[in-house]
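Trainee: Sharing a model prediction with you, sequence too.
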Amino acid sequence: MEEPAAQTFENPELKGALRRVLERETAPAGLRDRIVAMTQDETPPIRVNWRQNPLYKLAVAAVLLVGFGTLGYQIWQMNRPPVYAVSDSLYQAMLTAHESGQAATGVTTLAQAEGMKEQLKRPVLVADLTHDGWTFDGGGVRKVGDFLAAQLKFSKGKASISVFSLPASAVSGAQYGTEYDTVFKGSPIAGFMKGPGLYCIVGSSTDGSLNVDDVKRLLSEHKGELKA
């Protein structure tokens with residue numbers, strides 16, 4: 001017959017009562033001491049506070065770091081300017097066409113300018129700068145570097161402006177809605193990308209009266225005059 005397994009008791013009230021009885025009653029010293037020791041074994045269970053553990057704090061810091069890093073990258077991605085590259089050769093080609101003594105011909109009125117979209121098979125920016133005091137000097141389809149483009153030429157005092165409608169493929173990596181402005185060899189230039197086209201205003205003045213802010217303002221005011 002198997003002997004019953006040794007059992008322990010953990011009831012605090014029972015321990016306390018047994019301890020009080022043993023302290024009053026006469027019993028063998030050894031037995032009494034062992035039982036009293038059992039009743040005094042009230043060591044509470046060990047509880048680990050993970051929040052105070054250095055490894056826990058390190059793990060939380062790592063999670064927060066990764067989270068904030070990911071969020072920061074997403075915000076940067078959403079707000080960073082589009083990546084594009086307008087080459088100096090394209091700037092030079094536009095400037096050469098603008099300053100050429102042989103301006104594009106075939107369009108003598110702005111009413112005729114919309115017809116250039118049929119020649120190019122893409123939209124044309126017919127910016128009517130006459131509302132800003134500029135005189136229309138004519139325009140037409142011509143080569144600008146390696147690309148076929150529409151050009152409208154305007155003048156006012158000692159300043160002149162060309163409005164170019166180029167193919168989007170003229171700029172590497174440009175995205176829909178991309179805008180840019182620069183001063184190239186003293187000439188202010190501003191432009192934007194939309195659909196299959198790149199639309200630019202190139203200006204110059206012999207007295208320095210025309211600056212990049214002027215061409216940016218004109219572009220902003222007339223970019224809605226795109227003829228598709």
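Mentor: Good, I have the coordinates.

Trainee: which stretches of this structure form helices?
Mentor: 12-24, 29-39, 54-79, 88-99, 110-113, 116-120, 212-222 (DSSP state H).

Trainee: So which elements touch the last one?
Mentor: Right, the one you point to is helix 212-222. With contacts taken as 3 or more C-beta pairs under 8 Å, 6 or more residues apart in numbering; DSSP states H and E, helix 212-222 sits against strand 179-184, strand 187-194, strand 197-205. Quick note: C-beta positions are derived from backbone N, CA and C, even for glycine.

Trainee: Pick the most deeply packed of these.
Mentor: strand 197-205 (a mean of 24; mean count of other C-beta atoms under 10 Å).

Trainee: orientation of it relative to strand 179-184 in degrees?
Mentor: On the basis of axes from the mean of the first three to the mean of the last three C-alpha atoms, to 10 degrees, strand 197-205 is oriented at 30 degrees to strand 179-184.

Trainee: per-domain residue ranges of this protein.
Mentor: In terms of domains, the chain is parsed into 8-47, 52-79, 88-227 (source: automatic domain parsing).

Trainee: lowest-confidence stretch among these?
Mentor: Lowest mean pLDDT of the domains of the chain: domain 8-47, a mean of 57.

Trainee: May I see the buried residues of stretch 150-160?
Mentor: 150-154, 156, 159-160 (16 or more other C-beta atoms under 10 Å).

Trainee: before we move on, what about stretch 109-129?
Mentor: Neighbour counts using 16+ other C-beta under 10 Å place 110, 113-114, 116-117, 120, 122-127, 129 of stretch 109-129 among the buried residues.

Trainee: unless I'm mixing things up, Y199 is touching V126, no?
Mentor: No. Taking C-beta atoms under 8 Å as the definition, Y199 is not a contact partner of V126, at 10.4 Å.

Trainee: Identify the contacts common to these two.
Mentor: L226 (C-beta atoms under 8 Å, 6 or more residues apart in numbering).

Trainee: any idea how far the closest residue to G106 other than its chain neighbours lies from L152?
Mentor: Nearest non-adjacent residue to G106, counting by C-beta to C-beta, 6 or more residues apart in numbering: G140, 3.7 Å away. Plainly put, G140 is 9 Å away from L152 if you go by C-beta to C-beta, to the nearest Å.

Trainee: Between those two, which contacts overlap?
Mentor: V107.

Trainee: so how far is G177 from the residue nearest to K153 when sequence neighbours are not counted?
Mentor: Excluding the flanking residues, the one nearest K153 by C-beta to C-beta, 6+ apart is D137, at 4.3 Å. Per C-beta to C-beta, D137 is found 30 Å from G177.
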